[in-house]
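In: Give me a 3D structure for the following:
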Amino acid sequence: MTQKTGFDLLKEKVPEFRNPLKMAVVVAVGLLIFLGIMTFFWWLDGLVRYGALISQLIVALIFSAFSYGHIKNAGKYREKYGRLAYRYFFFHFVMPMLVTGNACLFHPLLVEGPALLPVWLAIVLGASLIMIRFLLEWHIHRSGFDEVGHGLTIYMVFPEEGRRVSSEVYSYIRHPMYAGDLCMASGFAVLRNNPLAVLTALISFIPFLVEVRLEDEELIERFGEEHRRYVEEVPAIFPRFRDLGNFLKFLFILKKK
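Out: Residues are numbered from 1 along each chain as shown. Down below sits the predicted model:
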């Protein structure tokens, strides 16, 4: 029997996604919360000086708290809920992380301030960073990484269903998904073209650094010395300077397998 991956796996673990109406309700609730957070950003950003940094830090810390909680509680949820563990885990941790995390990434688009770069340069750099984000996503998929199973941390609750990926893009950086998200936030900030937007985007690094540390600890516990060596040999989010040329060549030359 073929193991389910992607959206089929999500439907198996979260029954609400098997029903189009219930799935629409889940998506609508997530979107409403996202819009509520964006409204909070807009309100506080204009209320006080450097409000964008304050509001971003608040939401980033909330995201970090959910990140910490979801890693520390995965085993407890499995013990408590059994085969339905991920259903509760998704609504209690994963969905709040998706909403707060994406709000932090898009927040720089709302931030106003004096121009930092010539408009043409801001457009070129910003668009390039966003393009790198989508190139990373393509390479993640190409490597055999299951964006749903791994990306939505289903395998954290059911680790026996997942596997390690350390080839392709993962031979340059351990967490290309986080690298891509940070490129997107930075790209939005550069397109907005002001120092405050850039600083706001940098605050997005906080929860991802928390995620990297906790996920690596969990993977070392799960896979042992093999993953410990991998952590020591491969950087987390940014490739080593000496490997930068090869990494960019790998990223932009889209060879077929």
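In: And E168, how close does it get to V14?
Out: 29 Å (C-beta to C-beta, to the nearest Å). Where you see a C-beta, it was placed from the backbone N, CA and C, and this is true even at glycine.
In: cool, and Y81?
Out: In terms of C-beta to C-beta, Y81 sits 12 Å off from V14.
In: again, but for V169
Out: V169 is 28 Å from V14, by C-beta to C-beta.
In: next one: E79
Out: For E79, the distance to V14 equals 19 Å [C-beta to C-beta].
In: Same check on E233?
Out: Distance from E233 to V14, by C-beta to C-beta: 36 Å.
In: Which residue of those two possesses the greater neighbour count?
Out: V14 (23 against 11; other C-beta atoms under 10 Å).
In: so who does the more buried one touch?
Out: Y86, R87, F90 (C-beta atoms under 8 Å, 6 or more residues apart in numbering).
In: can you redo those as a markdown table with neighbour count?
Out: Below are these laid out as a markdown table (neighbours: other C-beta atoms under 10 Å):
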| residue | neighbour count |
| --- | --- |
| Y86 | 25 |
| R87 | 17 |
| F90 | 25 |
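In: Among those residues, which lie within helices?
Out: Y86, R87 (DSSP state H).
In: out of the contacts of V14, which one sits closest to D8?
Out: The shortest gap between D8 and any of the contacts of V14 belongs to Y86, at 13.7 Å (C-beta to C-beta).
In: Any figure for the gap between that closest one and I253?
Out: For Y86, the distance to I253 - C-beta to C-beta - is 37 Å.
In: same deal with W43?
Out: For W43 relative to I253 (C-beta to C-beta), the value is 45 Å.
In: Looking at those two, which has the bigger crowd around it?
Out: Neighbours were counted for W43 and for I253 using other C-beta under 10 Å; W43 has more, 11 against 7.
In: tell me which element that one is part of?
Out: Assessed by DSSP states H and E, W43 sits inside helix 20-47.
In: next one: E218
Out: helix 205-223.
In: and whatever helix or strand comes next after that helix with helix 205-223, angle?
Out: Using DSSP H and E, the helix or strand that directly follows helix 205-223 along the chain is helix 225-233. Per axes from the mean of the first three to the mean of the last three C-alpha atoms, to 10 degrees, the angle that helix 225-233 makes with helix 205-223 is 150 degrees.
In: what about the helix or strand A65 falls within, distance to the chain center?
Out: According to DSSP H and E, A65 maps onto helix 51-81. Centre-to-centre, helix 51-81 and its host chain are 13 Å apart (C-alpha atoms, centre = their mean, to the nearest Å).
In: got it, and stretch 126-135?
Out: That offset, for stretch 126-135, works out to 15 Å (C-alpha atoms, centre = their mean).
In: next one: stretch 207-225
Out: 14 Å.
In: What mean pLDDT does that stretch get?
Out: Averaged across stretch 207-225, pLDDT comes to 86.
In: then that stretch to CSV, C-alphas only?
Out: The C-alpha coordinates for stretch 207-225 follow below in CSV (Å, rounded to 0.1, in the frame of the first residue of the first chain):
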residue,chain,number,x,y,z
PRO,A,207,10.4,32.6,15.5
PHE,A,208,12.4,30.8,12.7
LEU,A,209,15.5,30.7,14.9
VAL,A,210,13.3,29.2,17.6
GLU,A,211,11.9,26.7,15.2
VAL,A,212,15.4,25.7,13.9
ARG,A,213,16.8,25.1,17.4
LEU,A,214,13.8,23.0,18.6
GLU,A,215,13.4,21.0,15.4
ASP,A,216,17.0,20.1,15.2
GLU,A,217,16.9,18.9,18.9
GLU,A,218,13.8,16.8,18.1
LEU,A,219,15.4,15.3,14.9
ILE,A,220,18.6,14.5,16.8
GLU,A,221,16.5,12.7,19.4
ARG,A,222,14.6,10.8,16.6
PHE,A,223,17.5,10.0,14.3
GLY,A,224,20.4,10.1,16.7
GLU,A,225,24.1,10.6,15.7
